[in-house]
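Peer 1: below are the sequence and a predicted model; questions follow.
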Amino acid sequence: MSLLTKNNNHVSTETPPRRAIVPRYEVKETADAFIVTAYVPGVDRAALETQVDGESLTVFARRTWAPPAEWTAVYRETPAADYRLALELDHRVNRDAVRAELNQGVLTLTLPKAEAVKPRRIEIKG
């Protein structure tokens, strides 16, 4: 069973719609949370939107970096497009405690697990 699954059929409500691609990302699980790391080069904090809505987490990042007018690209690793990532949340995620941090084009989302599903130590009396 996948902890978080891709669901990138999200429809944009912006006008006019811009081309958007799914950024490279990875998901890791710790004892307390799921950690999603998404790579969104060329995006600053003001152009980033994250949203938890029911069973899904959506990230939309508008690329704000533009090359200087006199600059000509010889090779480009990423297309000139915005980023859109939609993930279906696992039932174990505490949706009210999701945190996001952007640092030099790397978005880190921390999705804490609900207390009810965390392992807990049971004290034995007697």
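Peer 2: Perfect, I can see it now. Numbering: from 1, shown residues only.
Peer 1: residue ranges with poor pLDDT in this protein?
Peer 2: Where the chain drops to pLDDT under 70, the residues are 1-17, 117-119.
Peer 1: please repeat the previous calculation with a cut-off of 50.
Peer 2: Along the chain, segments meeting pLDDT under 50 span 1-5, 7, 9-15.
Peer 1: show me where the chain has helices.
Peer 2: Taking DSSP state H as the criterion, the chain contains no helices.
Peer 1: in it, which spans are strands?
Peer 2: Taking DSSP state E to define them, one finds strands in the chain at 5-6, 20-21, 24-29, 33-39, 48-53, 56-61, 82-88, 99-103, 106-112.
Peer 1: in JSON lines: those, plus distance to Glu123 and mean neighbour count.
Peer 2: Backbone N, C-alpha and C define where each C-beta goes, glycine included. Conversion of those to JSON lines gives the following (distance: least, Cβ to Cβ, whole Å; neighbours: other Cβ atoms under 10 Å):
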{"stretch": "strand 5-6", "distance to Glu123": "37", "mean neighbour count": "12"}
{"stretch": "strand 20-21", "distance to Glu123": "51", "mean neighbour count": "17"}
{"stretch": "strand 24-29", "distance to Glu123": "26", "mean neighbour count": "14"}
{"stretch": "strand 33-39", "distance to Glu123": "25", "mean neighbour count": "19"}
{"stretch": "strand 48-53", "distance to Glu123": "35", "mean neighbour count": "15"}
{"stretch": "strand 56-61", "distance to Glu123": "36", "mean neighbour count": "20"}
{"stretch": "strand 82-88", "distance to Glu123": "36", "mean neighbour count": "21"}
{"stretch": "strand 99-103", "distance to Glu123": "31", "mean neighbour count": "13"}
{"stretch": "strand 106-112", "distance to Glu123": "24", "mean neighbour count": "19"}
